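>>> attaching a predicted model along with its sequence, questions to come.
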Amino acid sequence: MVWGKWQRPELDVRVAVEPLGPVAAGSPVGVRVRATAGEPVTLESTEVELRRTVRYGYRQGNLYGGMHTAWQEDTITVDRIREETAAHLGTGEDLSREAVLTVPEGEPGSAEGILIQIRWAIRVRITCADHRDTVAEHTLEVQHSAREAAADAGSPLEENTRGWATMTFQSLSSRTLVPGRPLTGTLRMAARKPVPARGVRFELVLEEHVDHGPGAGADPARSPANDDKHVETVVADRIEDCASLEAGGTVEIPFSVPVPEALPAASLRRPPLRIRWVLRAVLDLPLRPDPTVTLPLHAPSTTALNRSAASEGRQR
């Protein structure tokens, strides 16, 4: 067990969470609180909360027609336990409390994208007579099964080959993304006309999409227009050689794209938020738009947050 420490002159608070690693949605979270008095103090109550914060960006217009990225952040208390303490501590005396909170089924997991962030924390508030409340937060990593996004693994190939060639993935190791396990396979390309190829770039891409901002309502006429926002991040890539092809020529290019041990987010479908992983092959052509093929993947879980973060917090 790793203890996080928060200290005020009158009270030294330590918080520990079990399990140490990621917590699956639907599972309990054990919390231990230990308070040590730095001076005589009377404790009135102890409150332990499980909180979820969702932060996302969206487009917002102004009176002059310009657009910028605005941010919305919502924090809710998912579970709470409050206990009337009514205890007096002398200097150096300790008080220990334990609580069990539950991450409900169906809740989104932790995510650290550029556009979408979902963060979980345990917050402990100790109320003292004649002193400010002592508040401590302990970060928590939550994993969810991403079942609502499992259909991504069955979505069809998306082609934008611009008439140059037919491109398909073959012998792909898996359409389920597993942290630390590379994606391997073969790209088969059949030229429809002479292709002056210089190479093929294989990319593992994280797509984040926000459908609309918080001002959207049931009536489109009274809702902001064009406030959706889309961001793509290339998480890993590999470049393979590819010679020029004559019309009718075919080539098979093997590839292996590394998958990081820690993914920033799992697949997510939770309106208005969408997180999708894709494998993309980009045919590099000189002085021309590059043909691409994109294959959606399913990332059911992730180790998005640094595990050492469970021992960190902040004092208020």
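It's in.

>>> centroid residue for this protein?
Residue closest to the average C-alpha location in the chain (CA atoms, centre = their mean): A111, at 1.5 Å.

>>> which ones are touching it?
Contact analysis of A111 by CB atoms under 8 Å, 6 or more residues apart in numbering lists 117-118, 264-266, 268, 275, 302, 304. C-beta: built from backbone N, CA, C; applies to glycine.

>>> before we move on, what about Y58?
69-72, 210, 212-214, 227-229.

>>> pull out the buried members of the residues you listed.
70, 210, 212-213, 227, 229 (16 or more other CB atoms under 10 Å).

>>> closest one of those to M167?
The closest of these to M167 turns out to be K229 (CB to CB; 28.9 Å).

>>> pLDDT wise, what is the closest one at?
pLDDT, K229: 96.

>>> which residues does it contact?
57-59, 69, 115, 209-210.

>>> widest-spaced pair of those residues?
Using CB to CB, the pair of these lying farthest apart is T69 and H209, separated by 13.7 Å.

>>> the domain parsing of the protein - what is it?
3-145, 147-297 (automatic domain parsing).

>>> how far out from the middle of the chain is the longest one?
It stands for domain 147-297. Relative to its parent chain, domain 147-297 has a centroid offset of 19 Å by CA atoms, centre = their mean, to the nearest Å.

>>> for that domain, measure first residue to last.
13 Å (CA to CA, to the nearest Å).

>>> now do stretch 110-124
20 Å.

>>> also stretch 244-254?
Per CA to CA, stretch 244-254 runs 17 Å from first to last residue.

>>> would you mark the buried spots in that stretch?
Neighbour counts over stretch 244-254 (16+ other CB under 10 Å) mark 245, 251, 253 as buried.

>>> bridged to the second one, which residues?
What that stands for is V251. Residues in a beta bridge with V251, per DSSP bridges, are M189.

>>> for S244, see how far away it is.
As defined by CB to CB, to the nearest Å, V251 lies at a distance of 10 Å from S244.

>>> so which of the contacts of Y58 is the closest to T46?
Proximity of the contacts of Y58 to T46 (CB to CB) peaks at Q72, which lies at 31.7 Å.

>>> on the three-state scheme, the closest residue to the closest one other than its chain neighbours is what?
Counting by CB to CB, 6 or more residues apart in numbering, the nearest residue to Q72 once its immediate chain neighbours are dropped is P214, at 4.9 Å. Secondary structure for P214, judged by DSSP: H, G, I helix; E, B strand; the rest coil, is coil.

>>> wait, P214 touches E73, no?
No: using CB atoms under 8 Å, P214 makes no contact with E73, being 10.0 Å away.

>>> what about burial for the contacts of A111, which qualify?
117-118, 264-266, 268, 275, 302, 304.

>>> and the residues you listed, which is the shakiest by pLDDT?
Within the set of these, pLDDT is lowest for A304 (37).

>>> follow-up on the earlier one: where does confidence bottom out across the buried residues of stretch 244-254?
Here the lowest pLDDT out of those sits on L245, with 90.

>>> and the contacts of K229 as CSV, adding pLDDT and secondary structure?
CSV is the format used below for the contacts of K229 (pLDDT from 0 to 100; DSSP: H, G, I helix; E, B strand; the rest coil):
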residue, pLDDT, secondary structure
G57, 97, strand
Y58, 96, strand
R59, 93, strand
T69, 95, strand
L115, 97, coil
H209, 97, strand
V210, 97, strand
